[in-house]
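Kindly generate the corresponding structure for this input.
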Amino acid sequence: MKTSIITSNTYQNHNTGAGHPERVDRVKVVNEELKKFDKQVKWFEPEAYDHTIIEKVHSKNYLDNLSKSFPESGIQFLDGDTVVSPGSHHAALDAVGSIILGIDQVINKKFKNSFCSVRPPGHHAESNKAMGFCIYNNVAIGAAYLLHEHKYKKVAIIDYDVHHGNGTQEIFYNNPNVLYISTHQYPFYPGTGSQKETGLDDNILNIPLESGTNSKDYFNSFENVLKKIKLYKPDFILLSSGFDAHMDDPLAQINLKSQDFYEITKRILIVANEVCDGRVVSILEGGYNLDALRESAYMHVKALLEI
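The predicted structure is shown next:
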């Protein structure tokens, strides 16, 4: 069996309030759609892990303040659009635990790759603040786990969410052991992600896209992602898999189709097979039109299974 899917029912207890785009139904529809793969995939829930790995990414001050921010009832705003409820802490810890389990499964050769169907997302969370629906930076913690626990030397993160992953970039800006690559609409939220932001050791590659970018133009730009990965030769690749670059997404204006996420994943995996024996773990980020999200996630996992 090639692909594992990791999820947890605790995502249902992360209540963001009525009308919030980052809602329970996002993971619910993804999981329902992925069940169509039946016995082609195997499902898991996150396991216990050492939470001190989170401290490799987030500051003690931030974590101390965060621990006091989860309400006993109702909801609490960490910033203008990042909301927590009584169940949010467990959900956020399980999101981190999912990528850690996926990494262990791939390293131990139980699976070739893994997809983590989780919420809250993570790539906007910086070392010292929550932001953009994100509490812990899941993919950054996954990269730290690879570096510190598994002693890998070079980790690549490819982020194709329509919004720039400012948090992931900030965390690894001065760390040549992590290559961060982002394709995103620009100028757009959160305001970061220009081509001039290249990191301390040329370990950041931002590929800004204009509003209205179509599939053809996107894939022309995406060749730069693949070239950078081939040059860097990472030991492991993590994917920040946001599906909000879809033409039907309400929060952005990039015009990809559901099928394009199969092609994005396929192209990444072909290179991953060349440079790191196909070691890939993917984690859900954005995607806010439920139909587009379910279709795109399905196409993503279809490629994980086939390539």
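
Once you drop chain neighbours, what's closest to the residue nearest the centre of the chain?
Compute the mean C-alpha point of the chain, and by CA atoms, centre = their mean the closest residue is residue 240, 2.6 Å away. In space, and not counting its chain neighbours, residue 240 is closest to residue 159: 3.7 Å by CB to CB, 6 or more residues apart in numbering. (C-beta placed from N, C-alpha, C; glycine too.)

The one you found contacts residue 286, correct?
No: with contact defined as CB atoms under 8 Å, residue 159 does not count as touching residue 286 (10.2 Å).

Show me the shaky parts of the stretch 51-200 of the chain.
Judged against pLDDT under 70, the stretch 51-200 of the chain has no low-scoring part.

For residue 14, which residues are in contact?
Contacts for residue 14 (CB atoms under 8 Å, 6 or more residues apart in numbering) come out as 24, 84, 85, 87, 88, 91, 92, 119, 120.

swap in residue 230?
Contacts of residue 230 by CB under 8 Å, 6+ apart are 271, 274, 275.

Quick check: it is in a helix.
Yes: checked against DSSP: H, G, I helix; E, B strand; the rest coil, residue 230 lies within a helix.

who's residue 280 bridged to?
Beta-bridge partners recorded for residue 280 (DSSP bridges): residue 113, residue 237.

Quick check, it in contact with residue 271.
No: taking CB under 8 Å as the definition, residue 280 is not a contact partner of residue 271, at 10.0 Å.

The two - which one has more neighbours?
The residue with more neighbours, out of residue 280 and residue 271, is residue 280; 26 against 20, by other CB atoms under 10 Å.

Buried residues of the longest helix belonging to the chain, list them for me.
For the chain, the helix with the greatest residue count under DSSP state H is helix 88-107. Residues of helix 88-107 classed as buried: 88-89, 91-107 (neighbour count, 16 or more other CB atoms under 10 Å).

try stretch 189-209
With burial defined by 16+ other CB under 10 Å, the residues of stretch 189-209 counted as buried are 189-190, 192-193, 197, 199, 203-209.

Which residues does stretch 290-307 contact?
2-3, 5, 25-26, 29-30, 32-34, 36-37, 40-41, 113, 115, 117, 241, 243, 246-249, 258-266, 269-270, 273, 280, 282, 284, 287.

Need the buried ones from those residues selected in PyMOL.
Paste this into PyMOL to select the buried members of the contacts of stretch 290-307, with burial taken from 16+ other CB under 10 Å:
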select buried, resi 3+5+26+29+30+33+34+37+41+113+115+117+241+243+246+247+248+249+258+260+261+262+263+264+265+266+269+280+282+284+287
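
Keep only those of the contacts of stretch 290-307 that are in helices.
Counting by DSSP H, those contribute 25-26, 29-30, 32-34, 258-266, 269-270, 273 to helices.

returning to that earlier point: what about the residue nearest to residue 240? Give its phi and psi, please.
phi -120, psi 110 (degrees, to the nearest 10).

can you give me the strands in the stretch 101-250 of the chain?
Assigned by DSSP state E, counting those that start in this stretch, the strands in the stretch 101-250 of the chain fall at 113-116, 155-159, 178-185, 204-209, 236-241.

can you redo those as a markdown table with distance to residue 66?
A markdown table is the format used below for the strands of the stretch 101-250 of the chain (distance: least, CB to CB, whole Å):
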| stretch | distance to residue 66 |
| --- | --- |
| strand 113-116 | 21 |
| strand 155-159 | 23 |
| strand 178-185 | 23 |
| strand 204-209 | 26 |
| strand 236-241 | 21 |
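
wait, which of those is closest to residue 130?
Judged by CB to CB, the one of the strands of the stretch 101-250 of the chain that comes nearest to residue 130 is strand 236-241, at 16.6 Å.
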